[in-house]
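A.B. asks: Could you work out the structure for the sequence below:
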Amino acid sequence: MLPPCSGALFVRNFELHPGLRIEYATVEITELQAGDDEVRLTVRPVGKSGTVSMRITGKWSVNMPAVSVNGRLVLRNLSEAVTLKFKKAN
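C.D. replies: The predicted model follows:
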């Protein structure tokens, strides 16, 4: 649920970088930095919690060790800001 007097856009099929696409997100994107071989994405929930689902193609690593990067990345029930750092593997 969103706080009163607030709003949010539903992010869907947003390409961050070739090979990195947000399928859908119920979070606010607060920072996006994209270089040739590195992408930094910071998101935070709007309201109580949020979700981000990404499709990943190619050889990328991410700074979250519990997350598999072979195809799909889903983070659910985010209750605070999270920064994802993607690096293109050689």
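
A.B. asks: list the buried ones in stretch 18-32?
C.D. replies: Buried residues in stretch 18-32, defined by neighbour count with 16 or more other Cβ atoms under 10 Å: 20, 21, 22, 25, 26, 27, 28, 29. In short, each C-beta sits where N, CA and C put it, glycine included.

A.B. asks: now do stretch 82-90
C.D. replies: Buried-residue list, stretch 82-90, by 16+ other Cβ under 10 Å: 82, 84, 86, 88.

A.B. asks: go on, stretch 56-64?
C.D. replies: With burial defined by 16+ other Cβ under 10 Å, the residues of stretch 56-64 counted as buried are 56, 60, 62.

A.B. asks: From the centroid of this protein, which residue is nearest?
C.D. replies: Residue closest to the mean C-alpha point of the chain, counted by Cα atoms, centre = their mean, is residue 52 at 5.4 Å.

A.B. asks: Angles on the backbone of residue 37, please.
C.D. replies: phi -130, psi 20 (degrees, to the nearest 10).

A.B. asks: Kindly report the same for residue 33.
C.D. replies: Backbone torsions of residue 33, given as degrees, to the nearest 10, read phi -120, psi 120.

A.B. asks: hang on, it packs against residue 39?
C.D. replies: Yes - applying Cβ atoms under 8 Å as the test, residue 33 and residue 39 come out as touching, 7.1 Å apart.

A.B. asks: Of these two, which one has the most company?
C.D. replies: Remark: of residue 33 and residue 39, residue 39 carries more neighbours, 20 against 11, as counted by other Cβ atoms under 10 Å.

A.B. asks: Bridged to the spatially closest residue to residue 39 that is not a sequence neighbour, which residues?
C.D. replies: Closest residue to residue 39 apart from its sequence neighbours, by Cβ to Cβ, 6 or more residues apart in numbering: residue 86 at 4.4 Å. Beta-bridge pairing for residue 86 (DSSP bridges): residue 39, residue 62.
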